[in-house]
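Visitor: Model the following, please.
(one chain, ligands or ions: 1)
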Amino acid sequence: MSEPILRIEGLTKVYPGGLKALDGVDLEIRKGEIFALLGPNGAGKTTLIGAVCGIVRVTGGSIHAFGQDMAHHWRSARRRIGLVPQEMGFDMFETVERGVAYSRGLFGLGPDPARIEEVLRSLSLWDKRKEQIRALSGGMKRRVLIAKALAHDPELLFLDEPTAGVDVELRRDMWRQIDRLRDQGVTVILTTHYIEEAEEMADRVGVIDKGRLLLVDDKDAIMARMGRTEAHFRLAAPLSAVPDALCAYPLHLEDGGRTLTYRGGDGSGKGKAEIAAVAQALAKADIAYTGLDQKESSLEDIFVDLVEQTKGVPA
Ligand SMILES: Nc1ncnc2c1ncn2[C@@H]1O[C@H](COP(=O)(O)OP(=O)(O)OP(=O)(O)O)[C@@H](O)[C@H]1O
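Guide: The predicted structure is shown next:
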């Protein structure tokens, strides 16, 4: 594998007061990938982003970006990083165009009206360029945040909850924007509460809780490894026990014996095959059922299970 664009090792952050927001995080981000960081409220996502972007002073560990140790080359590395923060903290009286151009200047780059126009057009902000930011809707303000983060052509872009509180249309727009960035070779790390977003966009997913990375893997590999299939056979007559002929399958009775439930598989299609085999075995044993529903687990189910498992684990 080529040198990762970002390498985080043993990163720890203890806030004054003793709260450990990051607890020995190791993470490598590949150039050009879309990486989604998932975690419940307070998991440490914003702290992790803040540490890379120089907003949070870390307690321990190291961060290398573009092959450089950020402790020694912070300024040059930071210039190549864009951040779309969760909180809107800009001059509301500034016009859209000037605000975005100003952000470019902050990184020591000269004016480039053509590039600013390109960024504004790609975010459907061109018509609003002369308006004061305060006059825009919440969703439009969020687009301005993205435009400001893109104004200096970052190679690595952090999006901290880019679609929190935006409507469905804007969310789809943002996804398209992220797709375009992927095509341009920009590496994107996004945090999100919308697991649907990670499922839709990400190449790899990391799950963080209580400052610890619980899992990092290709999204498809996670789904294949941890995905489960669930099926419910609604029986015509209740059973008192799972018949011997079916004991090889992960089955149990629910609903007073009226529902035979299958929970198994591994996301590879094994679940579906076993459910078909159970259906055949039921027919052979003359056990009638009046209905069957089945569902594959989503990334959301996997995420909820993972975070549930860490409940009760001391932070
Ligand atoms: N400046 C601070 N001082 C003290 N504690 C802090 C500070 N900033 C964050 N924390 C705490 O650190 C923990 C991690 O917070 P962080 O904002 O990184 O989580 P998050 O995963 O981004 O959460 P959310 O999804 O709610 O944005 C939380 O318990 C939070 O209360």
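
Visitor: For Pro250, see how far away Ile222 is.
Guide: In this view, Ile222 and Pro250 are 20 Å apart by CB to CB, to the nearest Å. Backbone N, C-alpha and C define where each C-beta goes, glycine included.

Visitor: do Thr59 as well
Guide: For Thr59 relative to Pro250 (CB to CB), the value is 45 Å.

Visitor: before we move on, what about Leu215?
Guide: Where Pro250 is concerned, Leu215 sits at a distance of 23 Å (CB to CB).

Visitor: what's the answer for Ile55, then?
Guide: Taken as CB to CB, the span from Ile55 to Pro250 is 47 Å.

Visitor: can you check Asp218 too?
Guide: The value you get for Asp218 to Pro250, if CB to CB is used, is 26 Å.

Visitor: Break down the chain into its helices, ranges please.
Guide: For the chain, helices defined by DSSP state H occupy the ranges 45-52, 74-78, 96-106, 113-122, 138-150, 168-183, 195-201, 219-226, 270-284, 299-310.

Visitor: Test of understanding: give the bridge partners of Leu190.
Guide: Ala36, Leu159 (DSSP bridges).

Visitor: What residues does it make contact with?
Guide: Leu190 makes contact with 34-37, 158-160, 162, 178, 197-198, 201-202 under the criterion CB atoms under 8 Å, 6 or more residues apart in numbering.

Visitor: More neighbours: Ile222 and Pro250, which one.
Guide: Ile222 (21 against 14; other CB atoms under 10 Å).

Visitor: So the more buried one sits against Leu215, correct?
Guide: Yes - with contacts counted by CB atoms under 8 Å, Ile222 reaches Leu215, the gap being 7.1 Å.

Visitor: can you list residues touching both of those two?
Guide: Joint contacts of Ile222 and Leu215 (CB under 8 Å, 6+ apart) are Val205.

Visitor: Could you tell me which residues of this structure lie near the ligand?
Guide: By CB under 6 Å from any ligand atom, the part of the chain that sits against the ligand consists of Tyr15, Gly17, Leu19, Ala21, Gly39, Asn41, Gly42, Ala43, Gly44, Lys45, Thr46, Thr47.

Visitor: Out of these, give me the two with the largest separation.
Guide: For the residues of the chain next to the ligand, the maximum inter-member distance is 20.7 Å, found between Gly17 and Gly39 (CB to CB).

Visitor: Quick check, pLDDT for the closest residue to Glu117 other than its chain neighbours.
Guide: Counting by CB to CB, 6 or more residues apart in numbering, Glu117 lies nearest to Trp126, which is 6.8 Å off, once chain neighbours are set aside. Looking at Trp126, its pLDDT is 94.

Visitor: quick one: Trp126 and the ligand, what's the gap?
Guide: 31 Å (CB to the nearest ligand atom, to the nearest Å).

Visitor: I figured that residue was touching Leu120, is that so?
Guide: Yes - taking contacts as CB under 8 Å, Trp126 lies within contact range of Leu120: 4.6 Å.

Visitor: With neighbour numbers in mind, choose between those two.
Guide: Leu120 (23 against 15).

Visitor: Correct me if wrong: the more buried one contacts Thr95.
Guide: No - checked against CB under 8 Å, the pair Leu120 and Thr95 is beyond contact range at 11.0 Å.

Visitor: any shared contact partners between those two?
Guide: In contact with both Leu120 and Thr95: Arg129, using CB under 8 Å, 6+ apart.
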